[in-house]
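# below are the sequence and a predicted model for it; my questions follow.
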Amino acid sequence: MNEDVEPLDRASAEEYASWFKALADATRIQIVSLLARRRRPMSVGEIVEVSGVGQSTVSHHLKILAEVRFVLVDRRGASSLYRINENCVGRFPTAADVVMGNPVPAAPACE
């Protein structure tokens with residue numbers, strides 16, 4: 001056992017924890033999957049129609065996903081369109097690897 005190994009830095013650990021927490025809900029995973037597969041911005045109404053989940057619930061989940069930058073919001077007047085942030089979602093699988101001690105890959109920041 002290598003006693004010289006340090007834990008993941010606190011800032012990274014907190015960011016990764018927020019990602020795991022954001023995806024710890026089946027509805028949020030469905031929303032991320034829907035936006036990723038549609039590959040176009042969608043309104044809350046469209047997401048509600050496809051998901052079968054109520055408008056307030058979808059809005060709540062989108063807010064959480066936007067906070068961790070998995071979805072981006074394009075505001076157009078009184079309406080908002082949501083789209084997947086491929087840069088962030090693409091980094092998620094490496095988060096598990098990094099937590100398990102694998103090297104951090106060179107990747108753009110999740111913004």
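Perfect, I can see it now.
# which strands and helices sit next to the one helix or strand S18 maps to?
Following DSSP states H and E, one finds S18 within helix 10-22. Packed against helix 10-22, as judged by 3 or more C-beta pairs under 8 Å, 6 or more residues apart in numbering; DSSP states H and E, are the following elements: helix 55-67, helix 86-99. Placement of C-beta: from N, CA and C, glycine included.
# quickly, which of these bottoms out on average pLDDT?
When the helices and strands packed on helix 10-22 are compared on mean pLDDT, helix 86-99 scores lowest, with a mean of 66.
# S79: what's it in contact with?
S79 is in contact with S43, counting by C-beta atoms under 8 Å, 6 or more residues apart in numbering.
# which strand residues bridge it?
R76 (DSSP bridges).
# got a pLDDT number for it?
Model confidence at S79 (pLDDT) stands at 86.
# quick one on the thing from earlier: next SSE after the helix holding S18?
helix 26-38.
# any stretches of this protein with poor pLDDT?
1-5, 89-111 (pLDDT under 70).
# one more time with 50, if that's ok
For the chain, the stretches with pLDDT under 50 are 108.
# taking the centroid of it, which residue is nearest it?
F70 (2.9 Å; C-alpha atoms, centre = their mean).
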